[in-house]
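Student: Predicted model and sequence below, questions to follow.
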Amino acid sequence: MLFDSVEYFIFFPVVFLLYWLVFSKKIRYRNAFILATSYLFYGWWDPRFLILIIASSAVDYWCGLNLDKAQAPSLRKVFLWISIVFNLGILALFKYFNFFTESLAQGFSMLNMDISFTTLDVVVPVGISFYTFQTMSYTIDVYRRRMPATKNWLTFFCYVSFFPQLVAGPIERARKLVPQFERLHKFSYAGVTEGARFILWGLFKKIVIADALGLAVNIIFDMPEYFRGSELYLGSLFFGMQLYCDFSAYSDIAIGSARMMGFDLMRNFKYPFFSFNVAEFWRRWHISLTTWLRDYVFNAIRIPKGRFYYFFYLLNVLLIFVLIGLWHGPRWTFVLYGVAYFILFVLYAAYRKIFRLDYFARTKTPLPLYLKVIEVAQATSFILVNVAIASIFRSPDLETLKIYWSRMLSWSFFTMPRYKLLAPLGMIVLFLMWEGLMRKHWHGLHFPNLPLPVRWFLYLVVVFLILYHFGQGDQFIYFQF
């Protein structure tokens, strides 16, 4: 069931009314209703997907209980590894098995060894990476004694399968979301209206911006040999903005839907296109994934002190960026996508070291003029390169990427693009100008200081644009992850 579909426009109002009017007395009945509607929402694509999410929920619920009861460190590690191996095993089997076997076969063929491997004819369940990471974080937190195990199975199953953020995040932590299923929420008019604004802004970004850009992106990436270098660069820009508007739109609709039901989900995007370096960009982009990898992978690896500290530190950073790439899917272009950002990170770290930027930040000393000029140049170069990296993400394979970049970096890069591509470029400029004005707020429709008639006029304009463009786009990009 898609957030921008007619089915969801029927599904959510019905759930909303029943949630507040019928299941408002007891937590047990309300959570049972949430679980049933979440399974209906997830099983709408294919009821067989429910088998995996129920199995994952059951295994981690059982592991959590035993982790809470066990005292011996060795026994606790056994239950932790049962959870990790089971969840990563599901991911490896359904999402990565064919990728690794085919890559092995290609590697042997390069050594003139013709070895074939069995591949699996399976459908990757929608959102498997999201709910797998979410339920793994629970068992790891229980193992680390950061939270007690959840004794109520219904509460835990709701945490894993909560429909607003089930298939494309945000990846919530049990420490924050589980307690919200253990208390009876009271109806809040302010919460409902704010949630509705989140949903409206998300639908605008998805239907009006992302889907419109997707039409140009598909043409450019399907036939890169017919476009000039400048037009291919614009195509990469269009896709980067499409990806942002598409994914952040899902997060906004998820946050808004949950907010209307009394739940508070974490922020997943913080205006990433206003970042001035790679480190800041990844603090603002897909926040729930990057903080997950930081807390459960990066911080879990002990870096030895000594002369090789920075070498092992960079290896750790490389691992995180490769995992970010692979998390998106079993493609070498995704791996290259992560490596490209790692290279940018290393260059930025060297830049900070050479110009002693940490010293200026620590002592709050104003930057000298020449460093301010270099900062602007660094930020500009990062933005330009960041746009180009989007083409790595969008390319289906390395051969397509090679064709795309060979033409994009040709002399035709310095030619004027065709005027038909200026319309989506103008839309991006206007959108970024609006985001720039609103970047101190959670979303683009939060303007409480405007008079009520002006606010309603802007809401109606947004609704009109959504209805006008409705039905012209594809499903959310991140559903495949």
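Tutor: All right, it came through fine.

Student: Tell me where the stretch 101-250 of the chain has helices.
Tutor: Taking DSSP state H, counting those that start in this stretch as the test, the helices found in the stretch 101-250 of the chain are 128-143, 153-161, 174-181, 189-203, 211-222, 229-260.

Student: Need those in a markdown table (columns: mean neighbour count, distance to Leu50 and mean pLDDT).
Tutor: C-beta: built from backbone N, CA, C; applies to glycine. Listed next are the helices of the stretch 101-250 of the chain as a markdown table, based on neighbours: other C-beta atoms under 10 Å; distance: least, C-beta to C-beta, whole Å; pLDDT from 0 to 100:
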| stretch | mean neighbour count | distance to Leu50 | mean pLDDT |
| --- | --- | --- | --- |
| helix 128-143 | 23 | 12 | 92 |
| helix 153-161 | 22 | 9 | 95 |
| helix 174-181 | 19 | 19 | 94 |
| helix 189-203 | 19 | 26 | 93 |
| helix 211-222 | 19 | 29 | 89 |
| helix 229-260 | 25 | 20 | 92 |
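
Student: Same list (those helices) but as CSV, adding distance to Arg76.
Tutor: CSV is the format used below for those (distance: least, C-beta to C-beta, whole Å):
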stretch, distance to Arg76
helix 128-143, 6
helix 153-161, 19
helix 174-181, 17
helix 189-203, 39
helix 211-222, 48
helix 229-260, 32
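
Student: closest to Val462 out of the ones you listed?
Tutor: Smallest distance to Val462 across the helices of the stretch 101-250 of the chain (C-beta to C-beta): 5.9 Å, for helix 189-203.

Student: List the contacts of the closest one.
Tutor: 3-4, 248-253, 255-262, 442-446, 459, 462-463, 466 (C-beta atoms under 8 Å, 6 or more residues apart in numbering).

Student: from what I can see Trp285 touches Phe269, true?
Tutor: Yes - assessed by C-beta atoms under 8 Å, Trp285 is found in contact with Phe269 at 6.5 Å.

Student: Could you name every residue contacting both of those two?
Tutor: Tyr244.

Student: Is the residue nearest to Phe334 when sequence neighbours are not counted within a helix or a strand, and which one?
Tutor: In this structure, Phe334 finds its nearest non-sequential neighbour in Gly325, 4.2 Å apart by C-beta to C-beta, 6 or more residues apart in numbering. Under the criterion of DSSP states H and E, Gly325 resides in helix 309-327.

Student: Output that helix as CSV, restricted to C-alpha atoms.
Tutor: Extracted in CSV, the C-alpha atoms of helix 309-327 (Å, rounded to 0.1, in the frame of the first residue of the first chain):
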residue,chain,number,x,y,z
TYR,A,309,45.2,4.9,15.0
TYR,A,310,44.2,7.0,12.1
PHE,A,311,44.7,4.2,9.6
PHE,A,312,42.3,1.9,11.5
TYR,A,313,40.0,4.9,12.1
LEU,A,314,39.7,5.4,8.3
LEU,A,315,39.2,1.7,7.7
ASN,A,316,36.3,1.9,10.1
VAL,A,317,34.9,4.9,8.2
LEU,A,318,35.4,3.0,4.9
LEU,A,319,33.4,0.1,6.4
ILE,A,320,30.5,2.4,7.3
PHE,A,321,30.3,4.0,3.9
VAL,A,322,30.5,0.6,2.2
LEU,A,323,27.7,-0.6,4.4
ILE,A,324,25.7,2.5,3.6
GLY,A,325,26.1,1.7,-0.1
LEU,A,326,25.4,-2.1,0.3
TRP,A,327,22.4,-1.3,2.6
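
Student: residues in contact with it?
Tutor: 96, 129, 289-290, 293-294, 297-298, 301, 303-304, 334-339, 341-342, 345-346, 481.

Student: For PyMOL, write the select line for the buried members of the residues you listed.
Tutor: In PyMOL, this line selects whichever of these come out buried by 16 or more other C-beta atoms under 10 Å:
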select buried, resi 96+129+289+290+293+298+334+335+336+337+338+341+342+345+481
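
Student: Can you flag which of the contacts of helix 309-327 belong to helices?
Tutor: 129, 289-290, 293, 334-339, 341-342, 345-346 (DSSP state H).

Student: Give the buried residues for the helix or strand encompassing Phe360.
Tutor: In the assignment (DSSP H and E), Phe360 maps to helix 357-363. Neighbour counts over helix 357-363 (16+ other C-beta under 10 Å) mark Leu357 as buried.

Student: Residues contacting it, please?
Tutor: Against helix 357-363 from outside (C-beta under 8 Å, 6+ apart): Tyr351, Arg352, Thr365, Pro366, Leu367, Leu371.

Student: Closest one to Ile403 out of those residues, please.
Tutor: Tyr351 (31.8 Å).

Student: That closest one: helix or strand, and which one exactly?
Tutor: helix 332-354.

Student: so that helix versus helix 309-327, what angle?
Tutor: 150 degrees (axes from the mean of the first three to the mean of the last three C-alpha atoms, to 10 degrees).

Student: what packs against helix 332-354?
Tutor: On a contact count with 3 or more C-beta pairs under 8 Å, 6 or more residues apart in numbering; DSSP states H and E, helix 332-354 meets helix 278-284, helix 309-327, helix 369-394, helix 398-408.

Student: how about 6 Å then?
Tutor: helix 278-284, helix 309-327, helix 369-394 (3 or more C-beta pairs under 6 Å, 6 or more residues apart in numbering; DSSP states H and E).

Student: any weak-confidence spans in the stretch 251-400 of the chain?
Tutor: Applying pLDDT under 70 to the stretch 251-400 of the chain flags no residue at all.

Student: Closest to the centroid, which residue in this protein?
Tutor: His286 (4.2 Å; C-alpha atoms, centre = their mean).

Student: Name the nearest residue to that one, sequence neighbours excluded.
Tutor: Asn268 (6.4 Å).

Student: What number of residues are in the vicinity of the closest residue in space to His185 that isn't next to it in sequence?
Tutor: Nearest non-adjacent residue to His185, counting by C-beta to C-beta, 6+ apart: Gly262, 2.9 Å away. Applying other C-beta atoms under 10 Å, we find 19 residues neighbouring Gly262.

Student: Since that was my last question, I'll sign off now.
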